[in-house]
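Chemist: take a look and give me a structure for this.
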Amino acid sequence: MKIDARSRARALALLLAACVGPAASTVAFAAAPRPITLGEQDFASIEGKVTSISGASIYVDRGRDDHVEVGDRVRLYPPGVTSVEGTIRSVAKNSARLELDPGSAAVVEGARIEVLVPRERLAKPTPPVKPPDAAAPAPPPVQPKPDAGAEVPPMPPPVHPPRTQPPENWAADQ
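Modeler: Take a look at the predicted model:
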């Protein structure tokens, strides 16, 4: 049996789609948001998927790096349901937590989502969030310089940490 080039290309495309599957579609949609107009505002639809569910919280694979912010609306497409909607409640660098609208159908992990992000937000670069440096020590307090005729009270002594053990000569009956 001889296979022509067209059939071979079709078989290769199907094999590639089966192997890569949802990961390829997620990457493609993240790179090119789909335009949506609601009312007078233009939105971009950024696609992703549900990564986990814990109680009323649903976690998705889109976050601050994808221009997602608290309050953004989300459409979810669980199997067997047209769509379900929810709202982003917290955002991390590469993920977000959302809550479904009351009375919504159940959602499963892996379900496809669309986060509706205003188009003007996509035009701005995402500002980097710099975490506080916990290892840096606090600067020492600075003594104010006295005025020529004013008397400046001395700084109070440092606060001593509480004792972790009683003194050696202490007894409970004293």
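
Chemist: so who does P141 touch?
Modeler: Listed by C-beta atoms under 8 Å, 6 or more residues apart in numbering, the contact partners of P141 are M155. In short, each C-beta sits where N, CA and C put it, glycine included.

Chemist: same check, this time on V108
Modeler: V108 touches V50, I53, P78, P79, counting by C-beta under 8 Å, 6+ apart.

Chemist: ok, then the element right after the longest strand that the chain contains?
Modeler: When the chain is parsed with DSSP state E, its longest strand is strand 41-54. Sequence order places strand 57-60 as the next helix or strand after strand 41-54, per DSSP states H and E.

Chemist: quick check: angle from the next helix or strand after that next one to strand 41-54?
Modeler: Scanning forward in sequence from strand 57-60 by DSSP H and E, the next helix or strand is strand 73-77. Interaxial angle, strand 73-77 versus strand 41-54 (axes from the mean of the first three to the mean of the last three C-alpha atoms, to 10 degrees): 60 degrees.

Chemist: which other helices and strands does strand 73-77 contact?
Modeler: Secondary-structure packing of strand 73-77 (3 or more C-beta pairs under 8 Å, 6 or more residues apart in numbering; DSSP states H and E): strand 84-91, strand 112-118.

Chemist: give me the nearest residue to S57, chain neighbours excluded.
Modeler: Using C-beta to C-beta, 6 or more residues apart in numbering and skipping residues adjacent in sequence, the residue nearest S57 is R97, 5.1 Å away.

Chemist: pLDDT weak spots in this protein?
Modeler: Across the chain, residues meeting the criterion (pLDDT under 70) sit at 1-41, 125-138, 142-150, 152, 172, 174.

Chemist: identify the farthest-apart pair in the contacts of V108.
Modeler: Longest distance between any two of the contacts of V108 is 14.2 Å, between I53 and P79; criterion C-beta to C-beta.

Chemist: who's more crowded, those two?
Modeler: Neighbours were counted for I53 and for P79 using other C-beta atoms under 10 Å; I53 has more, 14 against 9.

Chemist: give me the phi and psi for the residue nearest to the more buried one when sequence neighbours are not counted.
Modeler: Excluding the flanking residues, the one nearest I53 by C-beta to C-beta, 6+ apart is E109, at 6.1 Å. The phi/psi pair for E109 (degrees, to the nearest 10) reads phi -60, psi 140.

Chemist: ok, E109 - contacts?
Modeler: V50, T51, S52, I53.
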